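1. Whatever this is, show me its structure:
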Amino acid sequence: MTVYLVGAGPGDPGLVTVRGAEVLARADVVVFDRLAPPELLDLVPAGAERIDVGKSPRHPTMSQEDINAVLVDRGLAGLEVVRLKGGDPYVFARGAEEAAALAGAGVDFEVVPGVSAAFAVPAAAGIPVTLRQRSTSVTVVTGHEDPAKGAPQVDWEAVARVGGTIVILMGVTHLRTIAERLQSGGLDPGTPVAAVTWGTRPNQRSVRATLATIADAGVEAPATIVVGDVAAEELDWFGRRPLFGRTVVVTRARPQASDLAVRLRAAGAEVVEAPVISIGAPTDRGAALSAALAAIDRYDWLVVTSPNGAARVCDGCRDARDLAGVRVAAIGPGTARVLADWGIVADLVPPRFVAESLLEVFPDPPPTGGRILLARAEQARDVLPEGWRAQGWEVDVVAAYRTDRAPVDPTLVDQVRSADVVTFTSSSTVERFLDAFGQDAVPPVVACIGPVTAATARERGLRVDVEAGEHTIGGLVDALSEWAAPT
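-> Numbers count the residues shown, from 1 in each chain. Alright, predicted model coming up:
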């Protein structure tokens, strides 16, 4: 087995490398830092041991020697261990010390480089660290030296004389001294400086100043500080994303939340995942669905109303040939996509992704009569079966899955309460959210995926501010982006 020293990148979980994601997905143990994006822990198997060794300035939760000992101990136990570190393990981090400890103990290790904040954070702030004819070199310096060394060893005056761009990591505590010494080395007091706090994250904040004024500009850690002509550039793209600076609560079941969370983060939002529902087997453990699928040739149509139902139906089939001769209808492109992944192409997808729309476009039964198998949630509206029976169809309804309350993490209450937006993707998420958090915790803006969910929210006393025109995850994010756009 191997210990992997993995660079988590500068903060955006999407910037982890493919190799880093691969080893996280099979880890037995993950040992992680404060600056490692917490979202990356979602990649780790549920049964893996998670060890938080997060260090904050002047307040380490675990000494480096103890961290080394944990890595050696778990490695010698034959486990797959991931040491998840912010940035890159070998760039002003202590990855080399950890590697040396592992090598000394005879433990196999691999270094998985990460995207360094020295380059990614300026890019997110609209600052190119090099520009042709203006800055053709970059010097990366730590502003936080090992106190055990005694006297500081960075010759800031010499750094000033190198020219080009200077990128300073972990320099907030000594920023005034650093700025003074760079000026003593010959840099003009008016040299542009940009300090970017929490770079590449939704709460990224930039402070623009000069070498003479940056120490009094209110820079907060953790910050990446850029000194030089390029620091005056403002090629902003990160902060122009439609949901930048907004905090959005996602209430979907955890296995389903990732798609919405990823899309929201891509639009610039900070996401609070507060799943209030869980998806599980129906009360009969799927017996009725299995029996119906075993006799599928009795039906003219199979109808699935959600990705969850589609997945359960597909799991109950050997392959697409089991549905030969049966027409299939799916509500919504997400449901149709799950079927397509199994090689089943839906014959009918209504133009609007609600039950009423499917009734509008559904064909009449043949003169000799026809039969529909409806696979849906255990608790659902009866709009479809009642509508079809009125049209003359025979309808068998089977429970494909059950929606239950998910245990709510009490530490999320304050995050939910202080968020800007809460999203609801089904009536059950509305009901469960209010039961779990209460009306007082509802953020100022309520966004719903479609009219049925919105109606439930209003029935429970909420004001619906955003309703997706296209009743999909993508449509919900688009509606939120339009809501957030400047008027």
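
2. before we move on, which element is the closest residue to residue 107 other than its chain neighbours in?
-> Once flanking residues are discounted, residue 107 sits nearest to residue 75: 3.7 Å by C-beta to C-beta, 6 or more residues apart in numbering. In short, each C-beta sits where N, CA and C put it, glycine included. Using DSSP states H and E, residue 75 sits within helix 64-76.

3. One more: residue 308?
-> In this assignment (DSSP H and E), residue 308 forms part of helix 307-315.

4. For stretch 77-85, measure first residue to last.
-> End-to-end distance for stretch 77-85: 22 Å, by C-alpha to C-alpha, to the nearest Å.

5. now the longest strand seen in the chain against helix 307-315, angle please.
-> For the chain, the strand with the greatest residue count under DSSP state E is strand 394-405. Computed with axes from the mean of the first three to the mean of the last three C-alpha atoms, to 10 degrees, the direction of strand 394-405 lies at 120 degrees from that of helix 307-315.

6. Give the buried residues for strand 394-405.
-> The neighbour-count criterion (16 or more other C-beta atoms under 10 Å) identifies 395, 396, 397, 398, 399, 400, 401, 402, 403 as the buried residues of strand 394-405.

7. Next, the residues that contact the next helix or strand after it from outside, please.
-> Going down the chain from strand 394-405, the next helix or strand is helix 413-417, by DSSP H and E. With contacts defined as C-beta atoms under 8 Å, 6 or more residues apart in numbering, helix 413-417 is touched by 247, 249, 272, 274, 422, 437, 440, 441, 443.

8. if we go to 10 Å?
-> 247, 249, 251, 270, 272-274, 408-409, 422, 433, 436-438, 440-443 (C-beta atoms under 10 Å, 6 or more residues apart in numbering).

9. Pull out the buried members of those residues.
-> With burial judged by 16+ other C-beta under 10 Å, the buried subset of those is 247, 249, 251, 270, 272-274, 408, 422, 433, 436-437, 441-443.

10. Can you pick out the most distant pair from those?
-> Pairwise distances across these peak at 20.7 Å for 270 and 436 (criterion: C-beta to C-beta).

11. Residue 480 versus residue 453, what's the distance?
-> Distance, residue 453 to residue 480, by C-beta to C-beta, to the nearest Å: 14 Å.

12. do residue 416 as well
-> Distance, residue 416 to residue 480, using C-beta to C-beta: 17 Å.

13. More neighbours: which of those two?
-> residue 480 (26 against 21; other C-beta atoms under 10 Å).

14. Am I right that the more buried one is in a helix?
-> Yes: under DSSP: H, G, I helix; E, B strand; the rest coil, residue 480 sits within a helix.

15. got a list of what it touches?
-> 242-243, 246, 248, 263-264, 267, 269, 420-421, 423, 445, 447, 465-466, 468.

16. And those residues, which is closest to residue 315?
-> Nearest to residue 315 among these, with distances taken as C-beta to C-beta, is residue 263, at 26.0 Å.

17. can you tell me the helix or strand for the closest one?
-> helix 254-266.

18. tell me which residues in that helix are buried?
-> Neighbour-count burial for helix 254-266 [16+ other C-beta under 10 Å]: 254, 256, 257, 259, 260, 261, 262, 263, 264, 265.

19. okay, those in TSV with distance to residue 474 and pLDDT next?
-> Shown next, in TSV, are the buried residues of helix 254-266 (distance: C-beta to C-beta, whole Å; pLDDT from 0 to 100):
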residue	distance to residue 474	pLDDT
254	20	74
256	14	68
257	15	66
259	9	83
260	9	91
261	13	90
262	11	89
263	7	93
264	11	95
265	14	92
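
20. between these, which is nearest residue 22?
-> Nearest to residue 22 among the buried residues of helix 254-266: residue 262, at 17.9 Å, using C-beta to C-beta.

21. what's the spacing between residue 214 and residue 156?
-> Residue 214 sits 14 Å away from residue 156, going by C-beta to C-beta.

22. So for these two, which residues contact both of them?
-> Listed as contacting both residue 214 and residue 156 by C-beta under 10 Å, 6+ apart are 178, 179.

23. which residue sits closest to residue 220 in space, ignoring its chain neighbours?
-> residue 197 (5.1 Å).

24. care to break this protein down by domain?
-> For the chain, the domain assignment from automatic domain parsing gives the residue ranges 3-115, 119-232, 247-276+406-484, 280-404.

25. Which of the ones you listed sits closest to residue 238?
-> In terms of C-beta to C-beta, the element of those nearest to residue 238 is domain 119-232, at 4.4 Å.

26. doesn't residue 175 make contact with residue 213?
-> No: using C-beta atoms under 10 Å, residue 213 is not in contact with residue 175; the gap is 11.2 Å.

27. between the two, what contacts are shared?
-> With C-beta under 10 Å, 6+ apart, residue 213 and residue 175 have common neighbours residue 193.

28. out of those two, which sits in the more crowded spot?
-> More crowded of residue 213 and residue 175, by other C-beta under 10 Å: residue 175, with 21 against 14.

29. residue ranges for the strands of the stretch 151-300 of the chain, please.
-> With DSSP state E, counting those that start in this stretch as the criterion, the stretch 151-300 of the chain has strands at 165-169, 192-197, 205-210, 223-227, 247-250, 270-273, 277-280.

30. C-alpha coordinates for the second one, CSV please?
-> In this case it means strand 192-197. Taking Å, rounded to 0.1, in the frame of the first residue of the first chain, the C-alpha atoms of strand 192-197 are listed here in CSV:
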residue,chain,number,x,y,z
PRO,A,192,1.2,48.2,-7.5
VAL,A,193,0.3,45.5,-5.0
ALA,A,194,-2.7,43.2,-4.9
ALA,A,195,-3.6,41.0,-2.0
VAL,A,196,-6.1,38.2,-2.7
THR,A,197,-7.7,36.5,0.3
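
31. Which secondary structure elements does that strand sit against?
-> Secondary-structure packing of strand 192-197 (3 or more C-beta pairs under 10 Å, 6 or more residues apart in numbering; DSSP states H and E): helix 117-124, strand 165-169, helix 175-184, strand 205-210, strand 223-227.

32. redo that, cut-off 8 Å
-> Here strand 192-197 touches helix 117-124, strand 205-210, strand 223-227, going by 3 or more C-beta pairs under 8 Å, 6 or more residues apart in numbering; DSSP states H and E.

33. Any idea which of the ones you listed gets closest to residue 461?
-> Closest to residue 461 of the helices and strands packed on strand 192-197 is strand 205-210 (C-beta to C-beta; 35.8 Å).

34. Correct me if wrong: residue 394 contacts residue 368.
-> No: using C-beta atoms under 8 Å, residue 394 makes no contact with residue 368, being 11.4 Å away.

35. Reformat the domains of the chain as JSON lines; add distance to residue 238.
-> Shown next, in JSON lines, are the domains of the chain (distance: least, C-beta to C-beta, whole Å):
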{"stretch": "domain 3-115", "distance to residue 238": "9"}
{"stretch": "domain 119-232", "distance to residue 238": "4"}
{"stretch": "domain 247-276+406-484", "distance to residue 238": "7"}
{"stretch": "domain 280-404", "distance to residue 238": "29"}
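
36. hang on, the earlier thing: who are the neighbours in contact with the residue nearest to residue 220?
-> Counting by C-beta under 8 Å, 6+ apart, residue 197 touches 204, 205, 206, 207, 219, 220, 221, 222, 223.

37. sorry, back to before: okay, the helix holding residue 308 in PDB with CA atoms only?
-> Extracted in PDB, the C-alpha atoms of helix 307-315 (Å, rounded to 0.1, in the frame of the first residue of the first chain):
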ATOM      1  CA  PRO A 307     -34.000   9.800 -12.200                       C
ATOM      2  CA  ASN A 308     -34.400   7.800  -8.900                       C
ATOM      3  CA  GLY A 309     -37.300   5.800 -10.400                       C
ATOM      4  CA  ALA A 310     -35.400   5.300 -13.700                       C
ATOM      5  CA  ALA A 311     -32.300   4.000 -11.800                       C
ATOM      6  CA  ARG A 312     -34.400   1.600  -9.800                       C
ATOM      7  CA  VAL A 313     -36.100   0.300 -12.900                       C
ATOM      8  CA  CYS A 314     -32.800  -0.200 -14.700                       C
ATOM      9  CA  ASP A 315     -31.300  -2.000 -11.700                       C
END
